[in-house]
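Student: Fold the stuff below for me.
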Amino acid sequence: RTPDGTHPNPGQQMDFKRFSSDVHLELYKMERDIIRNYDSVNPITTNFMSMKFTYAMDYFKWAKEVDFVSTDHYLAQKDRRNFIDLAQQADLTRGFANGKQWLLMEHSSSAVNWQPRNYAKTPGQEFRNSASFVARGSQGAMYFQWRASQAGSERFHSAMVPHAGQNTRVFREITELGAWLKDHSDLANHPTEMAEVAMVYDYEQFWAMMQANLPTKAISYPKTVARWYRAKWENGVRIDYDPADADLATLSEYKLVLMPMVHMLSESEEKTYHDYVAQGGNLVVGYFSNIADRTLRVKLGGYGGSLVKDLAGIYVEEFYPLRKGQGGLSNSYEIERWSELTTNLSADVIAKFQDSDVDGCPALTVKKHGSAKVWYQATELKLGSQRKFFRQIQKDLGIKSEGGEDSEVILRGPYRFEIDHSKNKVKVSRQR
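Tutor: Residues are numbered from 1 along each chain as shown. The predicted structure follows:
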């Protein structure tokens with residue numbers, strides 16, 4: 001810890017985060033290569049931790065070094081709609097795997113033992129959870145743990161065989177799930193269908209937003225990413241994930257790319273997004289994006305650099321974090337946490353700030369680039385308003401929507417998954 005009134009160098013903090021991830025990866029590679037000397041047949045992997053607030057490892061880098069991607073996932077049990085977070089993390093894991101099949105290495109059959117309140121899963125919930133993982137590319141559903149421990153710190157963590165034994169709902173449901181997976185083994189031969197929309201996700205953005213001395217402590221990279229995802233999920237739109245350094249060929253496969261709080265971009269990365277728009281791609285750029293390069297040096301000449309000034313057509317002069325209860329938009333959308341002193345350079349204004357310190361400044365805008373469009377969001381929209389904003393963009397671009405609210409529809413090869421979480425039903429049908 002540094003003395004009061006001072007803080008570590010931000011660039012050095014980023015370097016240490018990179019070093020920490022990379023040195024762990026080097027250890028894995030060393031162990032992998034030792035094993036490979038004695039076994040050239042069997043695949044080698046290690047399980048990731050795909051969860052909202054997990055940030056220590058850059059899994060996009062790690063994914064390049066494993067023979068197949070696998071992950072652990074545990075529900076945020078206080079969230080009654082945690083099936084959306086599950087879907088987000090499964091989609092993110094498929095992003096690590098570059099769209100290929102992957103494996104759910106570990107999850108729980110019911111309650112865990114390490115959250116403030118550890119709620120048991122309700123009847124049918126585990127099948128819905130596992131079906132959602134499989135629909136999004138997992139080759140199965142594996143568990144921690146086989147038999148519930150009688151002693152130790154995990155004695156109240158659920159297992160495939162509970163303390164009460166085999167004559168239990170949990171064991172019966174897992175047995176039924178195993179039989180269902182066996183009956184649907186052909187699923188393993190097919191990847192999940194690519195989405196029309198990609199979202200940029202980048203662990204270095206996470207690391208940067210964890211640092212001290214930002215304009216406000218109220219902003220959160222994982223929470224903003226999750227809100228954008230949830231808005232799309234509830235609108236019935238599927239999402240793929242790509243890293244911030246994705247190449248032009250990858251981005252060009254999508255009709256729309258979402259950029260929530262992509263705080264750092266190198267010069268070459270920024271150029272890629274310019275090229276994507278020049279080729280007809282559409283962007284939604286969130287606030288506090290492209291503020292700095294990859295060393296956290298601020299880009300001069302207007303916040304957001306060329307991405308915001310030229311592509312979005314907005315000049316951002318100063319940040320105005322919102323006070324509690326402050327802020328609104330001229331189109332009645334609800335906002336929180338953030339506003340900006342902005343000037344319109346060449347965009348069409350959708351909504352302006354009001355009841356704030358920057359009243360009249362553009363808050364939501366869109367700029368046309370031939371057949372392409374770039375939207376800029378200079379604030380944090382509340383969930384209902386985020387859904388409305390995205391719904392209009394979906395309509396403008398003709399992005400298909402299916403499911404939503406409490407249900408999800410996913411295609412994996414010729415198979416169609418329909419999962420209704422309010423009715424506790426799963427239907428899988430072969431379409432062709």
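Student: what about the closest residue to Ser153 other than its chain neighbours, helix or strand, and which?
Tutor: Leaving aside its chain neighbours, Ser153 sits nearest to Asn113 (7.4 Å; criterion: C-beta to C-beta, 6 or more residues apart in numbering). Just so you know, the C-beta spots here come from the backbone N, C-alpha and C atoms, and that holds for glycine as well. Following DSSP states H and E, one finds Asn113 outside all helices and strands.
Student: Could you report the neighbour count for Asp33?
Tutor: By other C-beta atoms under 10 Å, the residues close to Asp33 number 10.
Student: Whatever helix or strand it lives in - contacts with which helices or strands?
Tutor: Following DSSP H and E, one finds Asp33 within helix 10-38. The contact analysis (3 or more C-beta pairs under 8 Å, 6 or more residues apart in numbering; DSSP states H and E) places helix 10-38 against helix 59-63, helix 203-209.
Student: ok, then the element right after it?
Tutor: Downstream of helix 10-38 (by DSSP H and E), the next one is strand 47-49.
Student: Quick check: neighbours of that following strand in the sheet, parallel or antiparallel?
Tutor: Here strand 47-49 has these sheet partners by DSSP bridges: strand 70-72 (parallel).
Student: And the contacts of the helix or strand that the partner strand is followed by?
Tutor: Counting by DSSP H and E, the next helix or strand C-terminal to strand 70-72 is helix 82-96. Residues from elsewhere that reach helix 82-96 (C-beta atoms under 8 Å, 6 or more residues apart in numbering): 48, 50-52, 59-60, 62-63, 69, 71, 73, 75-76, 79, 100, 102, 104, 128-129, 132-133, 136-138, 192, 201, 226, 229-230, 233-234, 238-243, 408, 421.
Student: So what's the model's average confidence on helix 82-96?
Tutor: Taken as a whole, helix 82-96 has a mean pLDDT of 97.
Student: Okay, now the unreliable bits of the stretch 1-150 of the chain?
Tutor: The stretch 1-150 of the chain contains residues with pLDDT under 70 at 1-3, 5.
Student: and the nearest residue to Asp359 once chain neighbours are set aside, how many residues sit next to it?
Tutor: Residue nearest to Asp359 in three dimensions, not counting chain neighbours: Phe353, with 5.7 Å by C-beta to C-beta, 6+ apart. Per other C-beta under 10 Å, the neighbour tally for Phe353 reads 26.
Student: Confirm that Phe353 sits in a strand.
Tutor: Yes: assignment of Phe353 by DSSP: H, G, I helix; E, B strand; the rest coil places it within a strand.
Student: Surely it is in contact with Cys361?
Tutor: Yes: counting by C-beta atoms under 8 Å, Phe353 touches Cys361, with 5.0 Å between them.
Student: Overlap in contacts, the two.
Tutor: Common contact partners of Phe353 and Cys361 (C-beta under 8 Å, 6+ apart): Ser339, Ala378.
Student: picking up where we left off before, which parts of the helix holding Asp33 are buried?
Tutor: Across helix 10-38, burial judged by 16 or more other C-beta atoms under 10 Å covers Pro10, Gln13, Met14, Lys17, Arg18, Ser21, Leu25, Tyr28.
Student: Tell me who's in contact with Lys373.
Tutor: Lys373 touches Asn282, Leu283, Val366, Lys367, Asp396, Leu397, counting by C-beta under 8 Å, 6+ apart.
Student: How about Gly280?
Tutor: Per C-beta under 8 Å, 6+ apart, neighbours of Gly280: Gly370, Ser371, Ala372.
Student: does it count as helix, strand or coil?
Tutor: From three-state DSSP, the assignment for Gly280 is coil.
Student: how near is it to Leu251?
Tutor: 11 Å (C-beta to C-beta, to the nearest Å).
Student: If the nearest residue to Val308 once chain neighbours are set aside is in a bridge, with which residues?
Tutor: Excluding the flanking residues, the one nearest Val308 by C-beta to C-beta, 6+ apart is Ile314, at 5.5 Å. Using DSSP bridges, the beta-bridge partners of Ile314 come out as Asn344.
Student: what sits against Ile314?
Tutor: Taking C-beta under 8 Å, 6+ apart, one finds Gly304, Val308, Thr342, Thr343, Asn344, Leu345, Ala347, Pro362, Thr365, Tyr376, Ala378 in contact with Ile314.
Student: you'd agree the fifth one is up against Lys367?
Tutor: No: in this structure, Asn344 is not within contact of Lys367 by C-beta under 8 Å, at 9.5 Å.
Student: Just want to know which of those two has more residues nearby.
Tutor: Lys367 (21 against 16).
Student: The more buried one sits in which helix or strand?
Tutor: strand 362-369.
Student: circling back to that earlier point, partners of the residue nearest to Asp359 in the sheet?
Tutor: Beta-bridge partners of Phe353, as defined by DSSP bridges: Leu329.
Student: For it, list the residues it contacts.
Tutor: Counted by C-beta under 8 Å, 6+ apart, Phe353 has contacts Gly327, Gly328, Leu329, Ser330, Ser339, Asp359, Gly360, Cys361, Pro362, Ala363, Ala378, Thr379.
Student: between the residues you listed, which is closest to Thr168?
Tutor: Thr379 (49.1 Å; C-beta to C-beta).
Student: which residues are contacting whatever helix or strand Thr272 lives in?
Tutor: Thr272 belongs to helix 267-278 when elements are defined using DSSP H and E. Identification of contacts with helix 267-278 by C-beta under 8 Å, 6+ apart yields 244-248, 251-252, 257, 259, 265, 283, 290, 293, 305-307, 310-311, 369, 372, 374.
Student: Using PyMOL, define a selection of the buried residues within those residues.
Tutor: Typed into PyMOL, the next command selects the buried ones out of the contacts of helix 267-278 (criterion: 16+ other C-beta under 10 Å):
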select buried, resi 244+245+246+251+257+259+265+283+290+293+305+306+307+310+311+369+372+374
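Student: what are the phi and psi angles of the residue lying farthest from the centre of the chain?
Tutor: Within the chain, Asn167 marks the point farthest from the mean C-alpha position, 38.1 Å out by C-alpha atoms, centre = their mean. With angles defined as degrees, to the nearest 10, Asn167 sits at phi -80, psi 60.
Student: Many thanks, have a good one.
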